[in-house]
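**Student:** I would like the atomic coordinates for the input below:
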Amino acid sequence: MQTSRSNAYPDTVRKLVDSYGELTPELRKAAQYMLENPEEVGLSSMRSVAKEAGVKPATISRLSKALGYSDYSDLREPFRQRLRRQEPDFASRLKDVQERGADDFQALFEEHRALELRNIERSLADDQFPVLADAVETLWSSRRVYVLGLRGAFAPAFIFHYAFQLFRDRCHLLDTRAGIFADQIRGIGDQDSMLVVSLPPYTQLTIDAINYAAESGAQIIAITDSVVSPAAKAARHTLVTRIGSPSFYHSLTGALSVCQALITLLVARSGADAVKIVEAAEQQLSRISAYW
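**Tutor:** Now for the predicted structure:
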């Protein structure tokens, strides 16, 4: 198949998702297993995948051909590539950016601009709106909202928390200061929700916190790069954001745009009480000279 290595995995996921409704029940079982267990697909033989999916090996073979692949090995290759890209590769990518910039500085800038605009367009595409609207209802009806974004994902998480707490009480930003991270989510329960920003390379502590919160009954809203990212596995709402960048580090623009869209819709969802809270906050900040 003529698919670039960088797009192979997402293209395969899209084929699985788009063709799902047309598949037979047995093929659907195999497709669902692949979507939910990409690591196992990348590591396992056709026989092992079939056993775990609860289907016959011939079913996996038929699914491969139904998606346009020559055989299971061809279908599995994008999953193997995904595994190889899990670890950060910042140094080699930085070197690549330097070399390309040396050849054509303006071309690199233009590529950066085009990708960032595409990140926003795809992160806020029409098909995202129903998920955004449902996530807003979950966040608004929660007793407490926990917000989590570690390492590079901290910026969009912080912006969401800062804006949300201006007009809505009971919003908690989780962090690792003083080593009390576990204490901060100790009381999370089935009346709460957790908004998580998680992008590759995924932070282990973030995934552990998601699993703990989900096991405690909390509703997870995941802002992540794929419907099969580890952050999405336990999520009630998955908001897929695009992270394309010509630079050595992935883009946060899409995640920021999703967080800001959530805030906008939450403001529209709020009532007179939210206006009173913001007015009180403005008066308090003015008294302590927060702004120039």
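
**Student:** ok, now how distant is the residue most central in space within the chain from C259?
**Tutor:** The centroid of the chain falls nearest to T224 when counting by C-alpha atoms, centre = their mean (0.6 Å). Distance of T224 to C259, computed by C-beta to C-beta, to the nearest Å: 13 Å. C-beta: built from backbone N, CA, C; applies to glycine.

**Student:** re the thing from before, wait, doesn't the residue nearest to the centre of the chain sit right on R242?
**Tutor:** No - counting by C-beta atoms under 8 Å, T224 stays clear of R242, with 11.0 Å between them.

**Student:** quickly list what's touching both of T224 and C259.
**Tutor:** In terms of C-beta atoms under 8 Å, 6 or more residues apart in numbering, T224 and C259 are both contacted by the residues V197.

**Student:** low-confidence ranges, the chain, go.
**Tutor:** The chain contains residues with pLDDT under 70 at 1-7, 83-94, 100, 272.

**Student:** longest helix in it, please.
**Tutor:** helix 105-123 (DSSP state H).

**Student:** report the buried residues of it.
**Tutor:** Of the residues in helix 105-123, those buried by neighbour count under the rule 16 or more other C-beta atoms under 10 Å are 108, 111-112, 115-116, 119-120, 122-123.

**Student:** okay if I get those as a markdown table plus distance to R14?
**Tutor:** Formatted as a markdown table, these follow (distance: C-beta to C-beta, whole Å):
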| residue | distance to R14 |
| --- | --- |
| L108 | 28 |
| E111 | 23 |
| H112 | 25 |
| L115 | 19 |
| E116 | 22 |
| N119 | 17 |
| I120 | 20 |
| R122 | 12 |
| S123 | 16 |
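
**Student:** farthest pair in those?
**Tutor:** L108 and S123 (22.3 Å; C-beta to C-beta).

**Student:** ranges for the helices of the stretch 101-250 of the chain?
**Tutor:** Ranges of helices in the stretch 101-250 of the chain, per DSSP state H, counting those that start in this stretch, are 105-123, 129-141, 154-167, 181-184, 204-215.

**Student:** any idea which of the ones you listed gets closest to Y69?
**Tutor:** That would be helix 105-123 among the helices of the stretch 101-250 of the chain, by C-beta to C-beta, at 25.1 Å.

**Student:** helices or strands up against the closest one?
**Tutor:** With contacts defined as 3 or more C-beta pairs under 8 Å, 6 or more residues apart in numbering; DSSP states H and E, the packing partners of helix 105-123 are helix 90-103, helix 253-269.

**Student:** would you mind giving these as CSV with mean neighbour count added?
**Tutor:** Below are these laid out as CSV (neighbours: other C-beta atoms under 10 Å):
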stretch, mean neighbour count
helix 90-103, 12
helix 253-269, 20
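
**Student:** CSV for those helices, including distance to N211?
**Tutor:** CSV is the format used below for those (distance: least, C-beta to C-beta, whole Å):
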stretch, distance to N211
helix 90-103, 27
helix 253-269, 21
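
**Student:** minimum distance to A163: which of these has it?
**Tutor:** Closest among the helices and strands packed on helix 105-123, using C-beta to C-beta: helix 253-269, at 4.6 Å.

**Student:** quick one: closest of the helices of the stretch 101-250 of the chain to A8.
**Tutor:** Of the helices of the stretch 101-250 of the chain, nearest to A8 by C-beta to C-beta is helix 105-123, at 17.9 Å.

**Student:** with only the CA atoms kept, save the closest one in PDB.
**Tutor:** Only the C-alpha atoms of helix 105-123 are listed here, as PDB (Å, rounded to 0.1, in the frame of the first residue of the first chain):
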ATOM      1  CA  PHE A 105      13.900  29.400   6.300                       C
ATOM      2  CA  GLN A 106      10.700  30.900   4.800                       C
ATOM      3  CA  ALA A 107       9.500  27.500   3.600                       C
ATOM      4  CA  LEU A 108       9.800  26.100   7.100                       C
ATOM      5  CA  PHE A 109       7.800  29.000   8.500                       C
ATOM      6  CA  GLU A 110       5.100  28.500   5.800                       C
ATOM      7  CA  GLU A 111       4.900  24.800   6.600                       C
ATOM      8  CA  HIS A 112       4.600  25.600  10.300                       C
ATOM      9  CA  ARG A 113       1.800  28.100   9.600                       C
ATOM     10  CA  ALA A 114      -0.200  25.700   7.400                       C
ATOM     11  CA  LEU A 115       0.100  22.900  10.000                       C
ATOM     12  CA  GLU A 116      -1.000  25.000  12.900                       C
ATOM     13  CA  LEU A 117      -4.100  26.200  10.900                       C
ATOM     14  CA  ARG A 118      -4.900  22.600  10.000                       C
ATOM     15  CA  ASN A 119      -4.500  21.600  13.700                       C
ATOM     16  CA  ILE A 120      -7.200  24.100  14.700                       C
ATOM     17  CA  GLU A 121      -9.500  23.300  11.800                       C
ATOM     18  CA  ARG A 122      -9.300  19.500  12.500                       C
ATOM     19  CA  SER A 123      -9.500  19.900  16.300                       C
END
